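Colleague: Okay, predicted coordinates and the sequence, questions at the end:
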Amino acid sequence: LAKTTQPISMDSYEGQEVNITCSHNNIATNDYITWYQQFPSQGPRFIIQGYKTKVTNEVASLFIPADRKSSTLSLPRVSLSDTAVYYCLVGDSNYQLIWGAGTKLIIKP
Amino acid sequence: DSGVTQTPKHLITATGQRVTLRCSPRSGDLSVYWYQQSLDQGLQFLIHYYNGEERAKGNILERFSAQQFPDLHSELNLSSLELGDSALYFCASSPRTSGTYEQYFGPGTRLTVT
């Protein structure tokens, strides 16, 4: 069974770059690693996904090393509106979806 | 707006009762996932359907069941409700069945069991 570990909480300041790392083992060989953002009382919102190396979109970058045992979500120049809970999501070989416990990110002015 | 709809938004019921939660996926999406999120907790994967067929079961209790209908909407049935079943229940849809987990979540149904 796949397992994930991510920090419970992080603080940063507006304009800074924030990196959140998720450790994951026993993940499915051919599956993507996915990250979500969630605001209180709302459904999670897809941010980014990747398989290997680095992926970048308009809101974030995702770094995945060759062994795929971790992934790092990078949020450039955060603002107050980036205060949220961030989850990593992986799958295992039994089609189970394993969500991280979530990292509560607080951005200060 | 993700395009995924869930009804009802709120549900208050008593222990021992049975409720049905409904989810309509985004147009064209064949996969529906159900999740439970207790207060200030993470997401627990319950079950995944793809085009009417059960694809994977997660931490779903035997008192809970689900199905996906030919029009692709899905229902989650919760029976013999207990206080601990109080939670937000989300469904999510995706055009794919595996490999990639880009999912679109509905607004959730908040269930309160008293």
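Modeller: Cool, got the structure. Numbers count the residues shown, from 1 in each chain, chains lettered A, B, ... in the order given.
Colleague: burial count for the residue nearest to B:Ala56 when sequence neighbours are not counted?
Modeller: Distances taken as Cβ to Cβ, 6 or more residues apart in numbering or on different chains place A:Tyr95 nearest to B:Ala56, at 3.7 Å, with adjacent residues excluded. Quick note: C-beta positions are derived from backbone N, CA and C, even for glycine. Using other Cβ atoms under 10 Å in any protein chain shown, the number of residues around A:Tyr95 comes to 16.
Colleague: ok, now A:Gly102?
Modeller: For A:Gly102, using other Cβ under 10 Å, the count is 23.
Colleague: Next: A:Ser23.
Modeller: 13.
Colleague: OK, contacts around residue 38?
Modeller: No chain specified, so I'll use chain A. A:44-45, A:84-87, A:102 (Cβ atoms under 8 Å, 6 or more residues apart in numbering or on different chains).
Colleague: That was the other one, I meant chain B.
Modeller: B:44, B:84, B:86-88.
Colleague: ditto for B:Glu75
Modeller: So B:Glu75 contacts B:20-23, B:66-67, B:69 (Cβ under 8 Å, 6+ apart).
Colleague: 7 Å - rerun?
Modeller: By Cβ atoms under 7 Å, 6 or more residues apart in numbering or on different chains, B:Glu75 lies in contact with B:20-22, B:66-67.
Colleague: Could you do B:Asn59 as well?
Modeller: Counting by Cβ under 7 Å, 6+ apart, the residues that B:Asn59 touches are B:44-46.
Colleague: how about a cut-off of 6 Å?
Modeller: For B:Asn59, the contacting residues are B:Gln44, by Cβ atoms under 6 Å, 6 or more residues apart in numbering or on different chains.
Colleague: Pretty sure it sits in a helix.
Modeller: No: with DSSP: H, G, I helix; E, B strand; the rest coil as the criterion, B:Asn59 is coil rather than part of a helix.
Colleague: Show the backbone phi and psi for it.
Modeller: Dihedral pair for B:Asn59: phi -80, psi 60, per degrees, to the nearest 10.
Colleague: Please identify which residue in chain A comes closest to chain B.
Modeller: A:Gly43 (2.9 Å; Cβ to the nearest Cβ).
Colleague: which residues touch the helix or strand encompassing A:Gln49?
Modeller: Using DSSP states H and E, A:Gln49 falls within strand A:45-50. Residues from elsewhere that reach strand A:45-50 (Cβ under 6 Å, 6+ apart): A:32-37, A:57, A:60, A:62, A:64, B:102.
Colleague: roughly how far is it from the heart of the chain?
Modeller: Chain-centre distance of strand A:45-50: 8 Å, with Cα atoms, centre = their mean, to the nearest Å.
Colleague: buried residues in that strand?
Modeller: In terms of neighbour count (16 or more other Cβ atoms under 10 Å in any protein chain shown), strand A:45-50 has its buried residues at A:46-50.
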